[in-house]
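Undergrad: make a model of this:
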Amino acid sequence: MSAFILILFFLSRVAMAVFYGWIHQRYYPGFNDSWKSFHQAVTLASWWHRNPQGFWQYVHIRLNYLLYQDFLGVHHTFWQSSGNYVMIVLQMIFNLFSGSSYYLNCLFFSLLTLPGWLRFMQLYRAVAHMPVKATWIWFHLPGVWFWFSGMHKDALVLMCLSLLGYHTHRLLQHLFSDKAGVRLPVGDSVWIVFSWIGVLLLKNFLVLLLLPAWLAWITSVFLKTGKLRLPRVANRLSRLAAGSLFIFCLAGWLLVGMLMSRGFQLHPLQIIIERQQAFYRVGLELGAHSLLSPIPLMPDWLSLLKALPQAVWRVLSLPDTAHRHALLQLSVQLNNVIFLLLLMAAIWSLSVRKIHQVHPWLLFSYWLALSYLLLIGYTVCITGAMVRYRALAEFFLTAPGVDMLYKKCIKKNNI
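TA: Next comes the predicted model:
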C-alpha cells in the first residue's frame, strides 16, 4: 500500500470518528458513550491535579471493586464494567496532549487503532487472498466504518482481535513449517499475550467464545503437520483438510469446556439467563426507548432451542429501533439490508467452496461471529445496544461476501 493510500485511509477513519462524536453529542448526550468517558476523564484529571492522594485512593478502590467484586459485570452493567474505565484512562492520556479537546482525541485514537486495520489487511491477504481494494470496500461498509472509527472500546476490541489473528498465524507458520527452528518467536508471543489481556480488560466474556476456537486453530495446524507421536493416527489426520480438522478440534475443546464447567459447578445456561435479566434491569434504569421484553428462558437446552428462532429473528431484524429519530432509524435499517445481502452472498460463496477447504482463521472468525450473534439475541434487550454489539459479528460475516462480489463483479470486469 502506498503512503498516499495509507494517509487517505487514516483520514477516512478520523473523519468518521469526528462524525461519530458529533452524532452522539447531538442525539444521545446522556448515554454511556465516548462523550461521557471524555467528560469523566476531564473530571478525574482535574481531581488528580487538586488532590493526588484522594485520586489514587479512588483508583485503588475502583480496581479492587472491578477485579474482585464485579469483573463479570453483575451490577448496573452488561457482563462487565472494566472496558469503560479503560476508555476513561485512555482519554485522560489523550487529554495531556490535546488540551482536553475531544476532536483532537479522535485523531490520536485513529492513530492508535490504525495498526489493527493494517494487520487485518495482511491477514486476509495471506489466508483468503483478499485484494487490497476489496478490503478497502469491506472496511468502509457503513456499519463497520461508523462503529469501529468512533472512540469506543469496540474499536479496541477489534484491534486486539486483529493482532491475535495475525500474530497467531505468523507463530504457527514459524513453529510448524519445514524450515522452522526450535526457538519460539518472542515478538509474536508478546503480541498474542497483549491481545488476550486487551480482550480481558475490554470484553472479558468474549474469552469464553475465543479460547476454544483459538486452541482448536493451534491444535488443527499441529495435527495437519503429522508430527503427532502416533504414526498411524498422525498419517490419517494429516490427510484431512485444515478446515475439517479445525471443526473436529473445536468440537473437542467445547466438550472439554463443558466437562470443566461441570467440574467447577458452573452452569452456562443459568449464566445466560442471569445476564439477560441484568441487561433488562440496565435498560429499565436507563429508561431506554427501544427496550424489548426478555425472551423466556429456562436453564435447560430444550428451552434454549425453543427460543432460538426468536433470538435469531431479533438479532437479524432489529425490531423497533430508535423511535425518536426517523433518519437514524432509516440508516440503521439500510445498513441492516446491506449486511443481510452480504451475508447471503457469503453463504453462497461458502456453499460453492466446500467448508472443509476454508482456512482455520476464517472458521475461527465465523465461529466467533455466529456464537456472538446468538449470545446477543438471547441476552440483549435494548435494540439500540444490539445494533452496536452486532457490528463485531457484521465485520467478520461480511468479509467473504465482499471478497466474492469484488472478484466476480469488479475485478472480472476491470471496474
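Undergrad: Met298 should be in a strand, yeah?
TA: No - in this structure, Met298 is coil, not part of a strand, as judged by DSSP: H, G, I helix; E, B strand; the rest coil.
Undergrad: dump the residue contacts of it.
TA: Ile273 (CB atoms under 8 Å, 6 or more residues apart in numbering). Bear in mind the C-beta positions are built from the backbone N, C-alpha and C, glycine included.
Undergrad: any idea how far Tyr372 is from it?
TA: 23 Å (CB to CB, to the nearest Å).
Undergrad: how about Phe339?
TA: Distance from Phe339 to Tyr372, by CB to CB: 14 Å.
Undergrad: and Ile382, backbone torsions?
TA: When read as degrees, to the nearest 10, the backbone of Ile382 gives phi -120, psi 120.
Undergrad: how near is it to Gln333?
TA: Ile382 sits 17 Å away from Gln333, going by CB to CB.
Undergrad: pick out whichever of these two has more residues nearby.
TA: Ile382 (20 against 14; other CB atoms under 10 Å).
Undergrad: contacts only, for that one.
TA: Per CB under 8 Å, 6+ apart, neighbours of Ile382: Phe279, Val282, Gly283, Leu286, Ala288, Ser290, Leu291, Leu292.
Undergrad: next helix or strand past the helix or strand of the chain with the lowest mean pLDDT?
TA: Lowest by mean pLDDT, DSSP states H and E among the helices and strands of the chain is helix 231-239, with a mean of 64. Using DSSP states H and E, the helix or strand that follows helix 231-239 in sequence is helix 242-263.
Undergrad: for that next one, C-alpha coordinates in CSV please.
TA: Provided in CSV are the C-alpha atoms of helix 242-263 (Å, rounded to 0.1, in the frame of the first residue of the first chain):
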residue,chain,number,x,y,z
ALA,A,242,-7.4,-28.0,7.5
GLY,A,243,-11.0,-26.8,7.9
SER,A,244,-12.2,-30.3,8.8
LEU,A,245,-9.5,-30.6,11.4
PHE,A,246,-10.5,-27.3,12.9
ILE,A,247,-14.2,-28.3,13.2
PHE,A,248,-13.3,-31.6,14.9
CYS,A,249,-10.9,-29.8,17.2
LEU,A,250,-13.4,-27.1,18.1
ALA,A,251,-16.0,-29.7,19.0
GLY,A,252,-13.4,-31.5,21.2
TRP,A,253,-12.4,-28.3,23.0
LEU,A,254,-16.0,-27.3,23.5
LEU,A,255,-16.7,-30.7,25.1
VAL,A,256,-13.6,-30.2,27.3
GLY,A,257,-15.0,-26.8,28.3
MET,A,258,-18.4,-28.3,29.2
LEU,A,259,-16.8,-31.0,31.3
MET,A,260,-14.7,-28.5,33.1
SER,A,261,-17.7,-26.2,33.8
ARG,A,262,-19.4,-29.2,35.4
GLY,A,263,-16.3,-29.9,37.5
